[in-house]
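**Q** attaching a predicted model along with its sequence, questions to come.
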Amino acid sequence: MRLILLGPPGAGKGTQAQRLVQKYGIVQLSTGDMLRAAVAAGTPIGLKAKDIMASGGLVSDDIVIGIIADRIEQDDARKGFILDGFPRTVPQAEALDRLLKEKGLKLDSVIELKVNEAVLLQRVENRISEMQARGEAVRADDNAEALAKRLDAYRAQTEPLVHYYGDKRALATVDGMASIDEVTAQISRILEVPGPKAKPTSRAKAKAAPKKVGIVAKAGKRVRASETSKRAKAKKAVKTKAKKAKVAKKSAVKASSLARRAKKTAKKGRKAPSKAGKRVVGRKAAASKRAAQKVAKKVTKRRAKGRNQLTKRR
């Protein structure tokens, strides 16, 4: 496992790095420690760095990369490492990428501890006040003003690495303002890497080989089964669509037939009466007329009879 922890001074990178070292059995590589170790060991790259440091100059990126290249080849770094204090700039990150590529390695994750700088400054001021109240000595560079300068340097030089690794999709961010345990839990969830395993023997590799073939064969079967299932679903969808279209067409024909019948019936209702119908109506009208005439005659007779009887009495 190869990691980089990013974050401003006071974000808690050192604390989390130590926890990762204990959990995964990897080493924490500090550029300062590596430089001093290389100088003490008298390595060719260490001697170069010694001369520059003795003259008060800054060690170049090439020298730092050379020291890292030597260090990660040592046995204790084979399981992995956490880079502390490097890279600090985008050019250093690019140089590190080239180094890892040459060695056939790659970073597993770059984790940024996101913090509130105003809170960090307040924490430093509170800590200094507490130390002074207890009568403890305070380092000259351990104050809010010094931290503010270091934060400015971080924003100018190192913060661009957040965008650099973000563009490479290698960056993960955690809430550095949470408790130490919660930050550790967040990092563990990001890594999700089990503990180191023993290297398999040649016999174990040979034994595992047929299983691998079996797994590949099973995967192939699953792919074929998935394709067959997709084709069956597509075929069924076509049949269902055709059936629905057939039903819709039948319904349309039926509706058209019903509409024609309704139209025909309406026409019949408005049809002129037949000759036979006219004769029936005429006979009924004549009968009614005769009956009315008969009644009128009877009434006339009765009235005439009544007048005659009245004349006789007089």
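**A** Yep, it's here.
**Q** CA atoms for contacts and neighbours, from now on please.
**A** Noted.
**Q** all the strands of the stretch 51-200 of the chain, residue numbers only.
**A** Assignment of strands within the stretch 51-200 of the chain using DSSP state E, counting those that start in this stretch yields the ranges 81-84, 109-114, 171-175.
**Q** does anything pack onto the shortest one? Which helices or strands?
**A** Same thing as strand 81-84. strand 2-6, strand 27-30 (3 or more CA pairs under 8 Å, 6 or more residues apart in numbering; DSSP states H and E).
**Q** out of those, which gets the lowest mean score?
**A** Here the lowest mean pLDDT among the helices and strands packed on strand 81-84 goes to strand 27-30, at a mean of 88.
**Q** how close does the closest residue to Lys79 other than its chain neighbours get to Arg231?
**A** Closest residue to Lys79 apart from its sequence neighbours, by CA to CA, 6 or more residues apart in numbering: Ile26 at 5.8 Å. Look at Ile26 and Arg231: by CA to CA, to the nearest Å, they are 50 Å apart.
**Q** and those two? which has more neighbours close in?
**A** Using other CA atoms under 10 Å, the more surrounded residue of Ile26 and Arg231 is Ile26, with 22 against 12.
**Q** how much space between Val162 and Phe81?
**A** 20 Å.
**Q** who has more neighbours, those two?
**A** Between Val162 and Phe81, counting by other CA under 10 Å, Phe81 is the more crowded of the two (23 against 19).
**Q** where in the protein is the helix or strand with the lowest mean pLDDT?
**A** Across the helices and strands of the chain, mean confidence by mean pLDDT, DSSP states H and E is lowest for helix 202-269: a mean of 62.
**Q** can you lay out the strands of the stretch 51-200 of the chain as CSV showing mean pLDDT and distance to Leu35?
**A** Listed next are those as CSV, based on pLDDT from 0 to 100; distance: least, CA to CA, whole Å:
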stretch, mean pLDDT, distance to Leu35
strand 81-84, 88, 13
strand 109-114, 93, 23
strand 171-175, 94, 27
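**Q** domain assignment for the protein?
**A** 2-26+79-115+157-191, 277-314 (automatic domain parsing).
**Q** can I get those domains in a markdown table with distance to Glu145?
**A** Listed next are the domains of the chain as a markdown table, based on distance: least, CA to CA, whole Å:
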| stretch | distance to Glu145 |
| --- | --- |
| domain 2-26+79-115+157-191 | 13 |
| domain 277-314 | 120 |
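**Q** pick out the shakiest of those domains, pLDDT-wise.
**A** domain 277-314 - the lowest mean pLDDT of those, at a mean of 69.
**Q** please, where are all the helices along the stretch 1-150 of the chain?
**A** Ranges of helices in the stretch 1-150 of the chain, per DSSP state H, counting those that start in this stretch, are 13-24, 31-41, 44-54, 61-71, 90-102, 117-133, 144-153.
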